[in-house]
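Engineer: quick one: sequence plus predicted model below, questions after.
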Amino acid sequence: MTRHTGLTLVEVLVALAITAITLLAGAQAMQALVHGASRQQQVILAQLCAENALVQVRLLGSMPALGTAQSECVQQNQHFQVALHVAATANPSFRQVQAQVLQQGASVLSVSTVIGRY
């Protein structure tokens, strides 16, 4: 009786299937990480746009007018649209200001604050 050393075809195919499944799971995990990092960068840039718009309102030195104002913001060659919504509050000495940042029509970030009379 001769003893054969080595792997059978079935064993090789099972090992190959396990390797393929592992690589596929790793590729999906990597894609999720890349998407998360891209989204984080987009939110950080949108945060800069929102903060800049709110600081501009604070630097006016007077109460902002009620209504909505639109502006454009460019950060790292990415274009964002900033919509400033100013609403009255129960106290006439304060206004609620919401900065909503959009990119290609989709909302990226929304920041609200209250600004008082100086």
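Structural biologist: Here it is on my side, so go on.
Engineer: quick one: low-confidence ranges for the protein?
Structural biologist: Regions of the chain meeting the criterion pLDDT under 70 cover residues 1, 118.
Engineer: can you give me the strands for it?
Structural biologist: Counting by DSSP state E, the chain has strands at residues 67-75, 78-88, 94-103, 106-116.
Engineer: as CSV, these with mean neighbour count and distance to T22 would be great.
Structural biologist: In short, each C-beta sits where N, CA and C put it, glycine included. As requested, those are exported to CSV (neighbours: other CB atoms under 10 Å; distance: least, CB to CB, whole Å):
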stretch, mean neighbour count, distance to T22
strand 67-75, 12, 39
strand 78-88, 16, 36
strand 94-103, 19, 36
strand 106-116, 14, 35
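Engineer: touching stretch 92-109 from outside, list them.
Structural biologist: 42-43, 46-47, 49-50, 53-54, 57, 63-64, 66, 73, 78-89, 110-117 (CB atoms under 8 Å, 6 or more residues apart in numbering).
Engineer: let's go with 7 Å and repeat that
Structural biologist: When contacts are defined by CB atoms under 7 Å, 6 or more residues apart in numbering, stretch 92-109 is touched by residues 42-43, 46-47, 49-50, 53-54, 57, 63-64, 78, 80-89, 110-117.
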